[in-house]
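Novice: Structure, please.
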Amino acid sequence: MARVISVYLPKWPIDRLRRTGGDVMPASDRPFVVAGSERNRQVVTAATDAACAAGIRVGMPLTKARVLVPGLVVENADPAADAQSLKRLALWLLQRFSPVVAVDPPDGIVVESTGSDHLHGGEAAMLDAIVGRLAMSGIAAKVAIADTWGAAHALARFRRETIVVANSAHGPQILEPLPLWALRIDDATAHGLVKLGFRTVGDVLAQPRAPLVRRFGTELGRRIDHALGQAVEPIEPLRPDDIVEVRRSFAEPIGAAETIARYVGKLVVALCMELDRRGLGARRLDLVCHRVDSGVEAVRVGTATPVRDVKRLTRLLCDKIETIAPGFGIELMTIAATVAEPLHARQSATTLIETAPTDISNLIDVLSNRIGERGVYRFAAVASDVPERSVQRISPLAADTGSAWPDHWPRPSRLLLRPEVIETMALLPDHPPAWFSWRGIRRRIKRADGPERVFGEWWRADAELVAVRDYFRVEDDAGERFWVYRAGDGENAETGSHRWFMHGIFG
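Specialist: Numbers count the residues shown, from 1 in each chain. Have a look, this model is predicted:
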């Protein structure tokens with residue numbers, strides 16, 4: 001079943017101005033609005049949280065807003081600039097999250113996420129990543145995912161939660177409590193329904209369709225069908241002007257997996273020829289299949305390095321064919337290199353000169369596209385004495401960070417995700433524990449080495465200015481070795497709680 005994400009930007013004109021205006025924009029705690037023309041008068045089209053707290057609302061006449069807030073900062077609305085920036089933002093989402101992305105003006109973006117969520121750790125993780133990345137760019141957003149564009153659009157705008165994940169095959173019940181405007185109907189129709197006593201989407205759905213359509217026109221029925229998935233609402237994928245793309249239309253729709261795979265191979269050959277002409281290699285490929293019923297099926301694959309090898313790219317795409325539902329047939333197929341990077345020819349190694357290094361990028365590509373990019377990584381050292389901060393996940397083929405783990409003291413082969421409290425007894429201030437109890441098992445210490453003192457990183461937080469840890473390597477009667485520490489120096493209470501923790505296990 002198709003899944004659609006609606007990204008709602010409630011303060012898009014404000015956020016766009018702050019991103020482009022920089023330091024000349026007013027402080028965030030100062031009331032600030034954007035004003036535009038409506039019926040020969042100036043009205044507020046967007047307002048900051050500070051302006052809303054002062055009583056200003058979107059749609060309010062600008063003269064009234066100035067009376068409520070003397071010295072109100074006002075910027076003129078620029079719908080053309082808003083639309084252009086919204087398109088650029090949609091292209092950014094296209095490169096990072098899904099092959100099917102379209103603008104939903106004036107303040108939204110729609111994303112067809114079917115087949116892409118597993119690359120980001122699932123639907124919830126994907127939505128969280130979208131909101132988080134937009135927040136880091138200074139853009140407030142609310143997102144929702146549902147079975148239809150209409151349902152996702154309604155949930156993103158009329159639910160209070162920042163992230164809404166509707167269950168697959170959720171039905172109309174999830175829309176029934178929402179106000180009438182959630183159906184994306186015009187104000188005249190909505191006010192007409194209100195006069196008749198309708199308040200929510202559920203009130204409309206409970207009534208026979210024919211009388212409503214006869215009174216308010218076919219647009220109301222069409223919007224209801226879109227929200228419920230009873231009528232197809234195609235999403236026209238957005239494409240950059242300079243994208244490398246090839247396409248093939250079919251006089252007779254195709255649907256068999258073997259036929260799809262054959263034409264994928266032909267299109268990849270044409271794509272690689274164009275990439276070679278431009279001196280590029282593909283890092284991300286999108287296969288988009290347009291069905292005869294206006295539906296769109298999309299597949300996205302990525303590579304760890306720039307690639308234009310026909311056999312390799314064809315295999316990655318063909319491995320995903322089973323996720324494509326051709327329906328009544330596919331009439332148009334496109335393959336686009338959404339992300340491409342320079343790739344120059346290199347002389348291959350010869351046995352007389354050197355041995356070519358082992359290339360595992362093909363294996364990494366296969367695994368990443370099956371389990372997601374987050375599932376394939378390697379560990380790298382970070383310049384930090386605090387153990388849990390001294391390691392990070394990086395791409396399998398990323399360059400070395402230049403940092404190394406300390407070698408003056410051994411480190412455990414397994415570091416716990418979080419230190420776990422243990423019960424123990426030890427002589428203060430610098431003796432190792434005589435025994436400890438961890439996860440319900442009491443162990444007597446036979447040998448111990450330490451302490452190794454680790455100081456807090458005072459530049460991160462004031463609380464770490466005097467914080468210390470004393471680490472010990474201990475071995476029990478069974479020969480198992482553990483890495484434990486005491487929070488504090490054993491004398492001064494301000495250095496730590498003096499509780500003991502299990503932090504690692506030696507192999």
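
Novice: tell me the contacts of the closest residue to Phe472 other than its chain neighbours?
Specialist: What sits nearest to Phe472 in space, not counting adjacent residues and going by CB to CB, 6 or more residues apart in numbering, is Gly450, at 3.6 Å. Quick note: C-beta positions are derived from backbone N, CA and C, even for glycine. Neighbour list for Gly450: 432, 470-473 [criterion: CB atoms under 8 Å, 6 or more residues apart in numbering].

Novice: which one of the residues you listed has the most neighbours?
Specialist: Asp470 (24 neighbours; other CB atoms under 10 Å).

Novice: distance between the strand or helix carrying it and the chain's centre?
Specialist: Using DSSP states H and E, Asp470 maps to strand 468-476. How far strand 468-476 lies from its chain's middle: 40 Å, per CA atoms, centre = their mean, to the nearest Å.

Novice: Can you name the element that comes right after that strand?
Specialist: strand 481-487.

Novice: Please report how far Asp309 lies from Ala398.
Specialist: 21 Å (CB to CB, to the nearest Å).

Novice: What of Arg443?
Specialist: Relative to Ala398, and taking CB to CB, Arg443 is found at 39 Å.

Novice: Ok, Val101 next?
Specialist: Taking CB to CB, one finds Val101 at 27 Å from Ala398.

Novice: same thing with Phe198?
Specialist: 57 Å.

Novice: Next: Asp117.
Specialist: 24 Å.

Novice: Between the two, which has more neighbouring residues?
Specialist: For Asp117 versus Ala398, neighbours defined as other CB under 10 Å are more numerous around Asp117 (20 against 12).

Novice: Thr338 sits in which helix or strand?
Specialist: strand 330-342.

Novice: Buried ones in the next helix or strand after that strand, by neighbour count?
Specialist: Next helix or strand after strand 330-342 toward the C-terminus (DSSP H and E): helix 361-371. Neighbour-count burial for helix 361-371 flags 362, 364-369 (criterion: 16 or more other CB atoms under 10 Å).

Novice: just stretch 496-507 next, same as before
Specialist: So stretch 496-507, judged by 16+ other CB under 10 Å, has buried residues 496, 498, 500-504.

Novice: what does stretch 429-445 give?
Specialist: In stretch 429-445, counting by 16+ other CB under 10 Å, buried: 432-433, 436, 438, 443, 445.

Novice: out of the residues you listed, which are inside strands?
Specialist: Residues of those located in strands (DSSP state E): 433, 436, 438, 443, 445.

Novice: How about the contacts made by the last one?
Specialist: What it means is Ile445. 432-436, 474-476.

Novice: Does it have any beta-bridge partners, and if so which?
Specialist: Asp476 (DSSP bridges).

Novice: This structure: helices as residue ranges?
Specialist: Assigned by DSSP state H, the helices in the chain fall at 12-21, 49-53, 62-68, 79-96, 123-136, 149-158, 187-195, 201-205, 209-216, 218-228, 257-278, 310-318, 361-371.

Novice: Return the list of helices and strands in contact with the strand holding Thr338.
Specialist: On a contact count with 3 or more CB pairs under 8 Å, 6 or more residues apart in numbering; DSSP states H and E, strand 330-342 meets helix 79-96, strand 244-254, helix 257-278, strand 280-291, strand 296-307.

Novice: Could you check how many residues crowd around Gly132?
Specialist: 11.

Novice: Tell me the spacing between it and His120.
Specialist: Distance from Gly132 to His120, by CB to CB: 11 Å.

Novice: and if you look at Leu267?
Specialist: 26 Å.

Novice: Give me the below-cutoff pLDDT ranges for this structure.
Specialist: 1, 23, 345-357, 406 (pLDDT under 70).

Novice: quick one, domains of it?
Specialist: 1-170, 244-342, 414-505 (automatic domain parsing).

Novice: Rebuild these as CSV, extending it with distance to Gln207.
Specialist: Shown next, in CSV, are the domains of the chain (distance: least, CB to CB, whole Å):
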stretch, distance to Gln207
domain 1-170, 18
domain 244-342, 28
domain 414-505, 54
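
Novice: Quick check: the gap between Leu9 and Cys318.
Specialist: Leu9 is 37 Å from Cys318, by CB to CB.

Novice: out of those two, which sits in the more crowded spot?
Specialist: Taking neighbours as other CB under 10 Å, Leu9 and Cys318 compare with Leu9 leading, 24 against 19.

Novice: Skipping adjacent residues, who's closest to that one in space?
Specialist: Nearest one to Leu9, counting by CB to CB, 6+ apart, is Asp107 at 4.8 Å.

Novice: what's the one you found in contact with, if anything?
Specialist: Asp107 neighbours (CB under 8 Å, 6+ apart): 8-10, 12, 86.

Novice: most tightly surrounded among the helices and strands packed on strand 330-342?
Specialist: strand 280-291 (a mean of 23; mean count of other CB atoms under 10 Å).

Novice: Strand partners (parallel or antiparallel) of it?
Specialist: strand 296-307 (antiparallel), strand 330-342 (antiparallel).

Novice: Next, the angle helix 257-278 makes with the last one.
Specialist: Put plainly, it is strand 330-342. 30 degrees (axes from the mean of the first three to the mean of the last three CA atoms, to 10 degrees).

Novice: What sits closest to the residue most central in space within the chain if chain neighbours are left out?
Specialist: Nearest to the mean C-alpha position of the chain, by CA atoms, centre = their mean, lies Ala129 at 2.7 Å. The shortest distance from Ala129 to any residue other than its chain neighbours is 5.8 Å, reached at His120 (CB to CB, 6+ apart).

Novice: of all the buried residues of stretch 496-507, which two lie farthest apart?
Specialist: His498 and Gly504 (19.9 Å; CB to CB).

Novice: What residues does the nearest residue to Leu332 once chain neighbours are set aside make contact with?
Specialist: The shortest distance from Leu332 to any non-neighbouring residue, by CB to CB, 6+ apart, is to His290 (4.0 Å). Contacts of His290 were listed using CB under 8 Å, 6+ apart, and they are 296, 330-334.

Novice: what do you get for Ile139?
Specialist: Ile139 touches 9, 12, 15, 19, 89, counting by CB under 8 Å, 6+ apart.
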